[in-house]
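Colleague: take a look and give me a structure for this.
(2 chains)
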Amino acid sequence: MSIKIALAGNPNSGKTTLFNALTGSNQFVGNWPGVTVEKKEGKIKGHSSKNDEVVLVDLPGIYSLSPYTLEEVVSRNFLLDERPDAIINIIDGSNLERNLYLTTQLVELGIPVVVAVNMMDIVRKSGDKLDTNKLSKELGCEVTEISALKGEGIDKLIEEAIRAAKSGKRMVAQHSFDGSVEHALAHIEEAVLHDMPEYKQRFLAIKLFERDDKVIERLNLDSHILSHIEEDINNCENELDDDSESIITSERYTYIASIIGNCYTKRNKGKLTVTDKIDKVVTNRWLALPIFAIVMVIVYYISVTTVGTWATDWANDGLFGDGWHLFGIGSSDYDDAVDKYAEDEIFLPEIESTVRGANEAGITGADELLAAIKDKDFGAFEEAYGSYGEELAVKENGFFDLTSMLPLDEDGEFTDMPDPADYGVWVPGIPVLVENGLTAINCADWLQGLILEGIVGGVGAVLGFVPQMLVLFIFLAFLEACGYMARIAFIMDRIFRKFGLSGKSFIPMLIGSGCGVPGVMASRTIENERDRRMTIMTTTFIPCGAKLPIIALIAAALFDGTWWVAPSAYFLGIAAIIISGIMLKKTKIFAGDPAPFVMELPAYHLPTVGNILRSMWERGWSFIKRAGTIILLSSIIIWAGSCFGVVDGVFTFSADMQLEDSILGTIGNAICWIFSPLGFGNIKATIATIMGLVAKEEVVGVFGVLDFEGMTRLAGYAFLAFNLLCAPCFAAIGAIRREMNSPKWTAFAIAYQCVFAYAVSLMIYQIGSVFAGSLNIIGLIFAIAVAVFIIYMLFKPYKAADKLTIKTKVKA
Amino acid sequence: MQTLKDAVIGQTVKVKRLHGEGAVKRRIMDMGITKGVEVHIRKVAPLGDPVEITVRGYELSIRKADAEMIEVE
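Modeller: Sure, this is the predicted structure:
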């Protein structure tokens, strides 16, 4: 016989730790049907043979079974529809009163309940005493003490839960409400519920008394019965001078207060706990913001700047690149060899003087080349030459052509470079190994291209983000588990809630300035679904690391490297978030949970290494699994689009296909009129934008400095704005898909970003054209219409929802 | 009418009545702020909102706009 047990409890009660302790590695993580709430299931350790399984279902962390939040409705529906054989209700022993509030609701369901009092070690340490026998008698169910963190009392809990499940005994709630409430409840049971099994009656009667719309809908009652019970409810409400829902809530707390005195003795009243002491500093009026800033700097510094960059570089340039030096053995020798090579072959007086001449002639990019030569930085020189070399070679610029002076082969690569494999312990990257293998078996060109560029490249694009992400996830797991994340929401709430975001949205956006992929994944810490979706949709507006080359290119090519271009890009990103937040929160689809922001600030505690690593791995793996497919597929499609094409009237494959001839080029040509109103309706800019979907830095690869000839500054800036704000790269789209957990919402997010980017670019170009003296009446009319619409949405009054509008699946 | 919003830091007040209705009111009550309970105002967030309070032995953060619905004495 298989047994199903539900695990229910408040957030921060140690539920996840207990779930991990009970199930070990036997977990399945999924989602509740139709919603983005995570559903975890696992088989209980040591109690599952083939025909005798004990399955544990982890319900979302909830405070109540009200009809107002998604998590609560999901939990309710599960308990009512699936009717698990038993419920384990974990409660925080150091916070009994509020935790027992949920218990009073669970015991009404008629399902056997076992209460597990967690954190008993902390309770005992503080000198407080809890008499579990008395509590058990009062509640009418088994009560056991556990410490989920230390694994104490777990075996006993499992035994009790299985015994309760097997007994099949219907739980009867021990508590009763005020006389007039009971009177009304009895009436309701008699009028509506008398033909139902007795164990179901109590819960439904209370819900009907509370006028719970989800239960009324479920029971499908006709109107004259409803008006009949309405009379009973009204009488009771008049007598107790409150609405029925509040009466029940009050009654529950009154009941808890009445039993708790008998079971719980508090020793040190008024003494400051450790949490109080920490909070005195951490959420202090003056220190809170500086401390927050320091924590954020540390998170950013380690997960983006230092360790994160090393991890990403290793994954992209090493594992999925040419290769790497094992443990760095040979790296410094190799670097010395490169320095010597540059000294001997590149940084020669004649080259320096040519570059200096180009710089004095004011040629774009020459200053960067010169700086690289001065710093003797070969990497910077190579990069700058790649971007601006052509510009120098153009005849009109005079004679600053470096091509003949530099040791280049016919592909424009530097020749006789030192080979890293000759130094230390060199491990070749996966593409190198695969290429060697494929060449050895004489694989066809196109197939080799597909495998190398399409598949290996695509897998690399997925996995390349993972190491950095794992580093970030360790921080997130720690901040969440120790309790600081709730303080972040507390500190930042005032700013972010205006834009329909949560205080916790700060972290995704901060990380998003490094890379949008982990940024989007970081939104998982936001509980509220609406806030989370809004964060996912807007995080990629922040210019990420890969967008910086686009900004630098435009600034250099069109604005002579003016200082304000880069800051304006960040300003644009932040403004896009604010405007989108204010506009979107007023739309119907973002009505979401009506629940107000009433948030618990949990006690601080040190999480275990095991739990942090588990959380890190769970998130990392779900990115690989759920975002991986979309990234891989789209990489292959783009690869095919750029390598197949029509050359001289023949459809061919070529690894070095000119982009204009490829399928992508054809598509770009066909759709480039779309961008005419934005000022950059040419093929190259269109292809660059499409390639930006692979990775934003690709835009620069397609669209060099020379392509800006004849482009106005305005058009260039409109191009920049569009590429900064439109759909992010496929990896980020994959992350959005993962976090939205719905194709519909993913499509909406991407569509919104593109439309918004288009609107912004249109306004920049058309309204800007008026000042540039080249106005286009029709374009201007559209641009002004868009501007008026946005302003209207910004100032339209906001009305909060009062009902949970998200549909959850209800079983008949 | 004095509400929780008007209470000053360090003060302990008793909840007299909850105004408003539906989701917001239910949520506040679910968290333990019911008639007759004592609420201690601990601090205000650095930016002036929300407020941190102690109720039924634990810490809760509540926005001033919502605190306005809680009548106290």
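
Colleague: okay, CA-based contacts and neighbour counts for the rest of this
Modeller: Will do.

Colleague: hmm, the lengthiest helix in chain B touching chain A?
Modeller: In chain B, assigned by DSSP state H, the helix with the most residues is helix B:22-30. Yes: counting by CA under 8 Å from any CA of the partner chain, contacts between helix B:22-30 and chain A involve B:Gly22, B:Ala23, B:Val24, B:Lys25, B:Arg26, B:Arg27, B:Ile28, B:Met29, B:Asp30.

Colleague: can you select the buried ones from those in PyMOL?
Modeller: To isolate the buried members of these in PyMOL, using 16 or more other CA atoms under 10 Å in any protein chain shown:
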select buried, chain B and resi 23+24+25+26+27+28+29+30
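
Colleague: worst-scoring helix or strand of chain B, pLDDT-wise?
Modeller: Ranking every helix and strand in chain B by mean pLDDT, DSSP states H and E puts helix B:22-30 at the bottom, with a mean of 88.

Colleague: elements contacting that one?
Modeller: Counting contacts by 3 or more CA pairs under 8 Å, 6 or more residues apart in numbering or on different chains; DSSP states H and E, helix B:22-30 is packed against helix A:244-263.

Colleague: buried residues, the helix it packs on. List them.
Modeller: By 16+ other CA under 10 Å, the buried positions in helix A:244-263 come out as A:244-256, A:259-260, A:263.

Colleague: confidence-wise, which of these comes last?
Modeller: Ranked by pLDDT, the buried residues of helix A:244-263 bottom out at A:Cys263, which has 87.

Colleague: among the buried residues of helix A:244-263, which ones lie close to chain B?
Modeller: Okay, of the buried residues of helix A:244-263 touching chain B (CA under 8 Å from any CA), that's A:Glu245, A:Ser246, A:Thr249, A:Ser250, A:Tyr253.

Colleague: was I right about the second one contacting B:Arg26?
Modeller: What that stands for is A:Ser246. Yes: counting by CA atoms under 8 Å, B:Arg26 is a contact partner of A:Ser246 at 6.7 Å.

Colleague: quickly list what's touching both of the two.
Modeller: Listed as contacting both A:Ser246 and B:Arg26 by CA atoms under 8 Å, 6 or more residues apart in numbering or on different chains is no residue at all.

Colleague: find the closest residue to chain B in the stretch 201-350 of chain A.
Modeller: Closest to chain B within the stretch 201-350 of chain A is A:Arg285: 4.5 Å, counting by CA to the nearest CA.

Colleague: what's the separation between that residue and B:Arg42?
Modeller: In this view, A:Arg285 and B:Arg42 are 11 Å apart by CA to CA, to the nearest Å.

Colleague: more neighbours, those two?
Modeller: Of the pair A:Arg285 and B:Arg42, B:Arg42 is the one with more neighbours under other CA atoms under 10 Å in any protein chain shown, namely 19 against 16.

Colleague: surely the more buried one touches B:Thr12?
Modeller: No: the pair B:Arg42 and B:Thr12 fails to qualify as a contact (CA under 8 Å) at a distance of 9.0 Å.

Colleague: around chain B, pick out the residues from chain A.
Modeller: Selection of chain A residues close to chain B by CA under 8 Å from any CA yields A:63-64, A:66, A:68, A:95, A:97-98, A:101, A:245-246, A:249-250, A:253, A:283-286, A:288-289, A:490-494, A:594-602, A:802-803.

Colleague: from those residues, which ones fall inside helices?
Modeller: A:97-98, A:101, A:245-246, A:249-250, A:253, A:288-289, A:490-494.

Colleague: need the max-distance pair from these.
Modeller: A:Glu245 and A:Leu289 (39.0 Å; CA to CA).

Colleague: now do the buried residues in the one helix or strand A:Met583 maps to.
Modeller: Using DSSP states H and E, A:Met583 sits within helix A:565-584. For helix A:565-584, the neighbour count (16+ other CA under 10 Å) marks A:565-566, A:569-570, A:572-574, A:576-584 as buried.

Colleague: can you check stretch A:116-126 too?
Modeller: Neighbour count says stretch A:116-126 has A:Ala116, A:Val117, A:Asn118, A:Met119, A:Met120, A:Asp121, A:Val123 buried, by 16+ other CA under 10 Å.

Colleague: next SSE downstream of the strand or helix carrying the last one?
Modeller: Taking DSSP H and E as the definition, one finds A:Val123 inside helix A:120-125. Sequence-wise, the next helix or strand beyond helix A:120-125 is strand A:129-130, with elements assigned using DSSP H and E.

Colleague: residue ranges for the helices of the stretch 201-350 of chain A, please.
Modeller: For the stretch 201-350 of chain A, the helices defined by DSSP state H, counting those that start in this stretch cover A:213-219, A:223-240, A:244-263, A:274-282, A:288-300, A:307-313, A:331-341, A:349-360.

Colleague: give me the residues contacting the longest one.
Modeller: Right, the one you point to is helix A:244-263. Residues outside helix A:244-263 that contact it (CA under 8 Å, 6+ apart) are A:97, A:100-101, A:104, A:129-132, A:134-135, A:138, A:175, A:177-178, A:209-211, A:233, A:236-237, A:240, B:25-26, B:29-30, B:32, B:34-35.

Colleague: quick one, which of these are buried?
Modeller: The neighbour count (16+ other CA under 10 Å) marks A:97, A:100-101, A:104, A:129-130, A:132, A:134-135, A:138, A:175, A:177, A:209-211, A:233, A:236-237, B:25-26, B:29-30, B:32, B:34-35 as buried among the contacts of helix A:244-263.

Colleague: which bits of chain B sit near chain A?
Modeller: B:22-32, B:34-35, B:44-50, B:56-63, B:66.

Colleague: tell me, please, where in the stretch 601-750 of chain A the pLDDT is lower than the cut-off.
Modeller: The model of the stretch 601-750 of chain A has pLDDT under 70 over residues A:705-706.

Colleague: how about 80 then?
Modeller: Scanning the stretch 601-750 of chain A for pLDDT under 80 picks out A:655-657, A:659, A:701, A:703-710.

Colleague: can you name the residue of it nearest to chain B?
Modeller: Closest point on the stretch 601-750 of chain A to chain B, by CA to the nearest CA, is A:Leu601, at 5.3 Å.

Colleague: and A:Ala603, how far from A:Ile146?
Modeller: Per CA to CA, A:Ala603 is found 18 Å from A:Ile146.

Colleague: and for A:Leu479?
Modeller: 24 Å.

Colleague: and the residue lying closest to A:Ile216 once chain neighbours are set aside, how many neighbours does it have?
Modeller: Nearest residue to A:Ile216 in three dimensions, chain neighbours excluded: A:Leu208, at 6.7 Å (CA to CA, 6 or more residues apart in numbering or on different chains). Neighbour count for A:Leu208, taken as other CA under 10 Å: 25.

Colleague: wait, what's in contact with A:Leu208?
Modeller: Per CA under 8 Å, 6+ apart, neighbours of A:Leu208: A:Ile188, A:Val215, A:Ile216.

Colleague: now the residues you listed: which count as buried?
Modeller: Judged by 16+ other CA under 10 Å, buried ones among the contacts of A:Leu208: A:Ile188, A:Val215.

Colleague: looking at the buried residues of stretch A:116-126, which one is closest to A:Gly308?
Modeller: A:Met119 (35.2 Å).

Colleague: with adjacent residues omitted, what lies nearest to the closest one?
Modeller: A:Ser147 (5.1 Å).

Colleague: so who does that neighbour touch?
Modeller: A:Asn118, A:Met119, A:Met120, A:Asp121, A:Gly153, A:Ile154.

Colleague: how about the residues you listed in a markdown table, adding pLDDT and distance to A:Asn10?
Modeller: Output for the contacts of A:Ser147, formatted as a markdown table (pLDDT from 0 to 100; distance: CA to CA, whole Å):
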| residue | pLDDT | distance to A:Asn10 |
| --- | --- | --- |
| A:Asn118 | 94 | 11 |
| A:Met119 | 89 | 13 |
| A:Met120 | 87 | 16 |
| A:Asp121 | 85 | 19 |
| A:Gly153 | 91 | 19 |
| A:Ile154 | 92 | 19 |
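
Colleague: from these, pick the one nearest chain B.
Modeller: Among the contacts of A:Ser147, and counting by CA to the nearest CA, the member closest to chain B is A:Met119, at 14.6 Å.
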